[in-house]
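Engineer: Predicted model follows, preceded by the sequence.
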Amino acid sequence: MTTIGLLHPGAMGTAVGAALRGQRHHVRWASAGRGPATAARAQAHGLEDAGGLPALCASAEVILSICPPHAAEAVAQAVAACGFRGIYVDANAIAPDKARRLAAGVTAAGGAFVDGGLLGGPPWQPGTTLALSGPRADEIAALFAGTPLATEYLGPEVGSASALKMCYAAYSKGMTALLVAALAAADQLGVRAALLRQWEADGGPAAQAPQRARSVTTKAWRFAGEMDEIAATFGAAGLPSGFHAAAGEIYQRLAGFKEAAEPPALEAVLAALTGRAADA
């Protein structure tokens, strides 16, 4: 059994932690500074509270970082500052260049770094893959043997797993942003019903645009940062970055729905995108 520190048990992190718990690993987290919803999720799935980050780093052999992209660097720096000398796994949606920068900081402080990328939703059931790269990625893959979370080893180079995550999300989440924007534009131009009829006749994924526009709202605040990371990835690869920079703005306009108890009405989503009153 391995003691694993989880930062932090959000919707995705809790599912990953529960998968590891199912293999009898000890999964701990740090409650300091976290909210009641996070604490409730952790308690419901048997995650052990270490209290603060220093205590978590002192007791864990592996630290698994699953947080919003904009927080990934600060989390890695905080763990390095605690003198953590185990394996730090960054499983966040970040650009390969950022992953390599974080790896340099973690290794300089005495730890080992594994680059990770989660492809799919919370792994309560099979269907999600954790891509891994880095010198000790095989050790992390072994922890997930027998769990619903599949792993794929991409080699010893830090950045490969993040690159796959960026390219994967460039299509899946980028396409959703494009569909939502097209729907909002059609609404503004008075052709929304006609567009939906055409999409339905085509029979493709665009026919689900209204449902996707509503369901993505509670995650849009996190996707905005992810689009920025994808834009940086594309730019570094010599490709235009503007599409995903714009997708980030689309998601940022929907960030106000973060705390919504249920998906908002489509009219409210379109109003947030265009800046008009919902009942205009």
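Structural biologist: Noted; the coordinates are in hand. Numbers count the residues shown, from 1 in each chain.
Engineer: Report the residue ranges of every domain in this protein.
Structural biologist: For the chain, the structural domains run 3-157, 164-274, going by automatic domain parsing.
Engineer: Could you export those as CSV, including mean pLDDT and mean neighbour count?
Structural biologist: (Each C-beta comes from the backbone N, C-alpha and C, glycine too.) Formatted as CSV, these follow (pLDDT from 0 to 100; neighbours: other C-beta atoms under 10 Å):
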stretch, mean pLDDT, mean neighbour count
domain 3-157, 96, 19
domain 164-274, 96, 18
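Engineer: can you pull out the strands in the stretch 1-150 of the chain?
Structural biologist: All strands of the stretch 1-150 of the chain, identified by DSSP state E, counting those that start in this stretch, fall at 3-7, 26-29, 48-49, 62-65, 87-90, 112-119, 129-133, 150-153.
Engineer: of the ones you listed, which approaches residue 180 most closely?
Structural biologist: Closest to residue 180 of the strands of the stretch 1-150 of the chain is strand 112-119 (C-beta to C-beta; 21.5 Å).
Engineer: correct me, but residue 178 touches residue 244?
Structural biologist: No: using C-beta atoms under 8 Å, residue 178 is not in contact with residue 244, being 10.3 Å away.
Engineer: what do the two both touch?
Structural biologist: Common neighbours of residue 178 and residue 244 (criterion: C-beta atoms under 8 Å, 6 or more residues apart in numbering): none identified.
Engineer: so who does the residue nearest to residue 34 when sequence neighbours are not counted touch?
Structural biologist: Leaving aside its chain neighbours, residue 34 sits nearest to residue 8 (6.5 Å; criterion: C-beta to C-beta, 6 or more residues apart in numbering). Contacts for residue 8 were tallied using C-beta under 8 Å, 6+ apart; they are 29-30, 34, 38, 66-67.
Engineer: Can you convert the residues you listed into CSV and add a column each for distance to residue 1?
Structural biologist: Putting those into CSV (distance: C-beta to C-beta, whole Å) gives the following:
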residue, distance to residue 1
29, 17
30, 20
34, 25
38, 24
66, 20
67, 25
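Engineer: Just the ones of these in helices?
Structural biologist: Per DSSP state H, helices hold the following members of these: residue 38.
Engineer: returning to that earlier point: right, so of the strands of the stretch 1-150 of the chain, which gets closest to residue 249?
Structural biologist: With C-beta to C-beta as the measure, strand 112-119 is the member of the strands of the stretch 1-150 of the chain nearest residue 249 (23.6 Å).
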